[in-house]
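Student: based on what follows, work out the 3D shape:
(chains A, B, C and D)
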4 protein chains.
Amino acid sequence: MTKGRLEAFSDGVIAILITIMVLELKIPREPTWAGLASRWVVFLAYVLSYVYLGVYWVNHHHLMSTVRRVDGPLLWLNSHLLFWLSLIPFVTDWLGESKAAPVPTICYGVVNIMAGVAYSLLNDRIAGQQEDVSLQKAHRHHQRKGRLAVATYAVALVLAGFGWTVPAVALYAVVAAVYFVPSKQFEASLGAD
Amino acid sequence: MTKGRLEAFSDGVIAILITIMVLELKIPREPTWAGLASRWVVFLAYVLSYVYLGVYWVNHHHLMSTVRRVDGPLLWLNSHLLFWLSLIPFVTDWLGESKAAPVPTICYGVVNIMAGVAYSLLNDRIAGQQEDVSLQKAHRHHQRKGRLAVATYAVALVLAGFGWTVPAVALYAVVAAVYFVPSKQFEASLGAD
Amino acid sequence: MTKGRLEAFSDGVIAILITIMVLELKIPREPTWAGLASRWVVFLAYVLSYVYLGVYWVNHHHLMSTVRRVDGPLLWLNSHLLFWLSLIPFVTDWLGESKAAPVPTICYGVVNIMAGVAYSLLNDRIAGQQEDVSLQKAHRHHQRKGRLAVATYAVALVLAGFGWTVPAVALYAVVAAVYFVPSKQFEASLGAD
Amino acid sequence: MTKGRLEAFSDGVIAILITIMVLELKIPREPTWAGLASRWVVFLAYVLSYVYLGVYWVNHHHLMSTVRRVDGPLLWLNSHLLFWLSLIPFVTDWLGESKAAPVPTICYGVVNIMAGVAYSLLNDRIAGQQEDVSLQKAHRHHQRKGRLAVATYAVALVLAGFGWTVPAVALYAVVAAVYFVPSKQFEASLGAD
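Tutor: Numbers count the residues shown, from 1 in each chain, chains lettered A, B, ... in the order given. The predicted structure follows:
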């Protein structure tokens, strides 16, 4: 198994996921501003998930560039991550169509937590392959950031459970914003490659 | 015809198939746990097919890495395999939406048997190109595993025919689990490549 | 513009087209054999279009392998071909859902004629780049085959116009079958590449 | 981050966008010419957006071929462009289904303006990397063309705002036609590559 084909497959899946979400942006019934406005939660959910998947794509890239050997466990950990990412269009659609009702808001968070955990497991596996000290530091930094994200999601879940879905979604947006910039340390240790 | 482009096309098709299945995960009518729970068969069918397509992708990789020459018959045997795989989203949707009624359960099995047969034909063609003894052994091992899978599917079909769809789906899951780990022999004979 | 990226983009579009057609295979209302049987025209149309797109993919490959220079006109002739291919899922769906009513059968033929013409224009452009005599012969052979296909489609259109849609669809299947085997001459002059 | 993977991801997203639009070409209710004719606005919108995305693909290619270094800002500027492009299937569907009602016509234009602005920002970033004088000139030419396009869109928006949607859509078509031919200067300065 070559790294190139693993990257190409992962890119393909993420490119398709980020794109098919738009198929769930059903057009408003009325061709008016009111019709469009009635869809604003759907649109917001789309933007949020677009940023999430974009962030995963960029970070997945950085992570893959440090892979030393592609073996069975790595393949399956990667497929595991893609599985949770593949559910994002589903929970995005539900979050939007229900106008952020509590249960869909919780489900959105759960899928994102599981994707975060899957990413973390993949990161750990690849970190274990490193010998370079600066790369090990970069992976550790990544892991800390990941734990913080999962903790934030957990708070959001509790809020959504009490029916406070607006602050819950706001917290999801905060995590997306924090991840928006890829890890400087990774880039620095990788150079321009 | 280069091997690279054949791999890329196959990867593309499998990546799209694995991803578009999520489009058929229609959101629950009610934004509640009960609404989500009512969809559990659909979700289970999705997971099962995701694993199947993931297994085919990984094994297809291993198989392709031993191809020596891309000719017309190989191209068409590969397209034949992709044809049966392309029907998986359809039977998955039907299996889930019908809550595993007998006929959709049988159809799910038939499509998987045909995909298994198509894979086996492709495997035979590629095995015929090998001169290396260890690779020939790996291909034979693959073929034995494939026949066992088809036999298991056949049992599942009979069960589904009698209306026992739960054990039939359970057998489908068993085959997926057995295939989950790619052939050690293949990996060993191929090294890290 | 590199040839590699043009091939990759074309492959991507064809892989997606061949795959999304399955999204239009709506599941039967009843989970019974009768339900499945009621969909047989839809299924047949799917198989026919799958073969067509597979044939285009294989032949597009052979054609691209002889490209010497990627310029503006080539890019647009290629996009023109992809445009007509992109309409195949639409006419396939219409042909199947209408159970081969005359107008959808005619439209299916028209889209295939236009794709054939677009392929022919692309072929001519690439043929004009060749200096090798055996490749020129291969292109001419290709062009003859293309003209014969368009003539057959024209007959099918007339039949469909009189309401004889079954023989019209049969003629479409004949063309697909004739194209099923890629040109021996191309393969011979290209070697194994 | 390598340029190759950035190109492959962008190509993947554009290939999917250009292809999934066909999923929104719902088949006519009646299998008749009248049925097909009733869909003509939908079809026209499809052709217009197909050309737009084709133009973006070709120009994106030319632009990427001059990239010297892939860094964080470039990645996000590229994702930003893909975001606006990803909304094209949505506004295309709305424009067509509403038979070019004013609000959808305005939204179609706004999405295209934003895509144009995003392209321009990406272009500026890449222009800043150039040392070659002829490439700098090519980028400047590109920028002028882009500003002219945005100005034309602005006029179209005003027309649509007054309910004159036919001339507005005609102006969109004019911009597409002008962009149809990629910049000669770019091609000239890049050679055949």
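Student: which parts of chain A sit against chain B?
Tutor: A:1-2, A:5, A:8-9, A:12-13, A:16-17, A:20, A:23-24, A:69-72, A:75-76, A:79, A:82-83, A:86-87, A:89-90, A:93-94, A:97-98, A:101-104, A:107 (C-beta under 8 Å from any C-beta of the partner chain). Yep, even glycine has a C-beta here, placed from its N, CA and C like the rest.
Student: tell me how far A:Leu17 lies from A:Ala154.
Tutor: Distance, A:Leu17 to A:Ala154, using C-beta to C-beta, to the nearest Å: 24 Å.
Student: out of the two, which sits in the busier spot?
Tutor: A:Leu17 (25 against 13; other C-beta atoms under 10 Å in any protein chain shown).
Student: so what's that one up against?
Tutor: For A:Leu17, the contact set (C-beta atoms under 8 Å, 6 or more residues apart in numbering or on different chains) comprises A:53, A:85-86, A:88-89, B:19, B:22.
Student: per-residue confidence at it?
Tutor: pLDDT for A:Leu17: 92.
Student: so which strand or helix has it?
Tutor: Secondary structure assignment for A:Leu17, by DSSP states H and E: helix A:3-20.
Student: got the CA coordinates for the helix or strand containing A:Trp76 in CSV?
Tutor: Using DSSP H and E, A:Trp76 sits within helix A:72-86. Provided in CSV are the C-alpha atoms of helix A:72-86 (Å, rounded to 0.1, in the frame of the first residue of the first chain):
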residue,chain,number,x,y,z
GLY,A,72,-3.1,-2.5,8.1
PRO,A,73,-3.9,-0.7,11.4
LEU,A,74,-3.1,2.7,9.8
LEU,A,75,-5.5,1.9,6.9
TRP,A,76,-8.3,1.0,9.3
LEU,A,77,-7.8,4.0,11.6
ASN,A,78,-8.0,6.2,8.6
SER,A,79,-11.2,4.4,7.4
HIS,A,80,-12.6,4.9,10.9
LEU,A,81,-12.0,8.6,10.7
LEU,A,82,-13.6,8.8,7.3
PHE,A,83,-16.6,6.9,8.6
TRP,A,84,-17.4,9.6,11.2
LEU,A,85,-16.7,12.3,8.7
SER,A,86,-19.1,10.6,6.3
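Student: find the centremost residue of chain A, please.
Tutor: With distances taken as C-alpha atoms, centre = their mean, A:Tyr52 lies nearest the centre of chain A, 4.2 Å away.
Student: give me the nearest residue to that one, chain neighbours excluded.
Tutor: A:Ala176 (5.6 Å; C-beta to C-beta, 6 or more residues apart in numbering or on different chains).
Student: list the contacts of that neighbour.
Tutor: Applying C-beta under 8 Å, 6+ apart, one finds that A:Ala176 lies in contact with A:48, A:51-52, A:55.
Student: could you identify the longest helix within chain A?
Tutor: Assignment by DSSP state H gives helix A:133-161 as the longest helix of chain A.
Student: is that helix anywhere near chain D?
Tutor: No - for a cut-off given as C-beta under 8 Å from any C-beta, helix A:133-161 has no contacts with chain D; the smallest distance is 14.5 Å.
Student: so which bits of that helix are buried?
Tutor: A:135, A:138-139, A:142, A:145-146, A:149, A:152-153, A:156-157, A:159-160 (16 or more other C-beta atoms under 10 Å in any protein chain shown).
Student: mean confidence for it?
Tutor: Computed over helix A:133-161, the mean pLDDT rounds to 83.
Student: flag every buried residue along the next helix or strand after it.
Tutor: Using DSSP H and E, the helix or strand that follows helix A:133-161 towards the C-terminus is helix A:165-180. Residues of helix A:165-180 classed as buried: A:165, A:168-169, A:171-173, A:175-176, A:179 (neighbour count, 16+ other C-beta under 10 Å).
Student: likewise stretch A:64-81?
Tutor: Buried residues in stretch A:64-81, counted by 16+ other C-beta under 10 Å: A:64-67, A:70, A:74-81.
Student: now do stretch A:116-128
Tutor: A:116, A:118-120, A:122-123, A:125-127.
Student: could the residues you listed go into CSV alongside secondary structure?
Tutor: CSV is the format used below for these (DSSP: H, G, I helix; E, B strand; the rest coil):
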residue, secondary structure
A:Gly116, helix
A:Ala118, helix
A:Tyr119, helix
A:Ser120, helix
A:Leu122, helix
A:Asn123, helix
A:Arg125, helix
A:Ile126, helix
A:Ala127, helix
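Student: contacts for stretch A:154-162, please.
Tutor: A:102, A:105-106, A:109-110, A:113, A:165, A:167-169, A:171-172.
Student: whichever of the residues of chain A next to chain B end up buried, select them in PyMOL.
Tutor: Buried residues within the residues of chain A next to chain B, by 16+ other C-beta under 10 Å, are selected in PyMOL with:
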select buried, chain A and resi 1+5+8+9+12+13+16+17+20+23+24+70+75+76+79+82+83+86+87+89+90+93+94+97+98+101+102+103+104+107
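Student: quick one on the thing from earlier: most neighbours out of the contacts of A:Ala176, which is it?
Tutor: For those, the largest number of neighbours (other C-beta under 10 Å) sits with A:Tyr52, at 23 neighbours.
Student: quick one on the thing from earlier: pLDDT added to the buried residues of helix A:165-180, as JSON lines?
Tutor: Compiled in JSON lines, the buried residues of helix A:165-180 are given as follows (pLDDT from 0 to 100):
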{"residue": "A:Thr165", "pLDDT": "90"}
{"residue": "A:Ala168", "pLDDT": "92"}
{"residue": "A:Val169", "pLDDT": "92"}
{"residue": "A:Leu171", "pLDDT": "92"}
{"residue": "A:Tyr172", "pLDDT": "91"}
{"residue": "A:Ala173", "pLDDT": "90"}
{"residue": "A:Val175", "pLDDT": "87"}
{"residue": "A:Ala176", "pLDDT": "84"}
{"residue": "A:Tyr179", "pLDDT": "76"}
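Student: between the residues you listed, which sits nearest A:Val42?
Tutor: A:Val169 (12.7 Å; C-beta to C-beta).
Student: what sits against that closest one?
Tutor: A:44, A:48, A:95, A:100, A:105, A:156.
Student: which of the contacts of A:Leu17 lies closest to A:Trp40?
Tutor: The shortest approach to A:Trp40 among these belongs to A:Pro89, at 18.7 Å (C-beta to C-beta).
Student: assess the claim that that closest one and A:Leu25 are in contact.
Tutor: No - in this structure, A:Pro89 is not within contact of A:Leu25 by C-beta atoms under 8 Å, at 10.6 Å.
Student: ok so, going back, could you give the angle of the longest helix of chain A to helix A:165-180?
Tutor: 170 degrees (axes from the mean of the first three to the mean of the last three C-alpha atoms, to 10 degrees).
Student: what pLDDT is listed against A:Val58?
Tutor: Value listed for A:Val58 in the pLDDT field: 82.
Student: elements contacting the strand or helix carrying it?
Tutor: Using DSSP H and E, A:Val58 sits within helix A:40-64. When contacts are defined as 3 or more C-beta pairs under 8 Å, 6 or more residues apart in numbering or on different chains; DSSP states H and E, helix A:40-64 packs onto helix A:3-20, helix A:72-86, helix A:88-97, helix A:102-127, helix A:165-180, helix A:184-190, helix D:72-86.
Student: for it, buried residues please.
Tutor: A:42, A:45-46, A:48-64.
Student: the bottom helix or strand of chain A by mean pLDDT?
Tutor: helix A:184-190 (a mean of 49; mean pLDDT, DSSP states H and E).
Student: helix or strand next in line after the helix holding A:Leu17, which one?
Tutor: Going down the chain from helix A:3-20, the next helix or strand is helix A:33-37, by DSSP H and E.
Student: for the record, mean pLDDT for that next one?
Tutor: Per-residue scores along helix A:33-37 average to 88.
Student: now check it, is it near chain D?
Tutor: Yes - Helix A:33-37 is in contact with chain D by C-beta under 8 Å from any C-beta, via A:33, A:35-36.
Student: turn the residues you listed into JSON lines, including neighbour count and distance to D:Arg29.
Tutor: Below are the residues of helix A:33-37 next to chain D laid out as JSON lines (neighbours: other C-beta atoms under 10 Å in any protein chain shown; distance: C-beta to C-beta, whole Å):
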{"residue": "A:Trp33", "neighbour count": "13", "distance to D:Arg29": "29"}
{"residue": "A:Gly35", "neighbour count": "17", "distance to D:Arg29": "23"}
{"residue": "A:Leu36", "neighbour count": "18", "distance to D:Arg29": "26"}
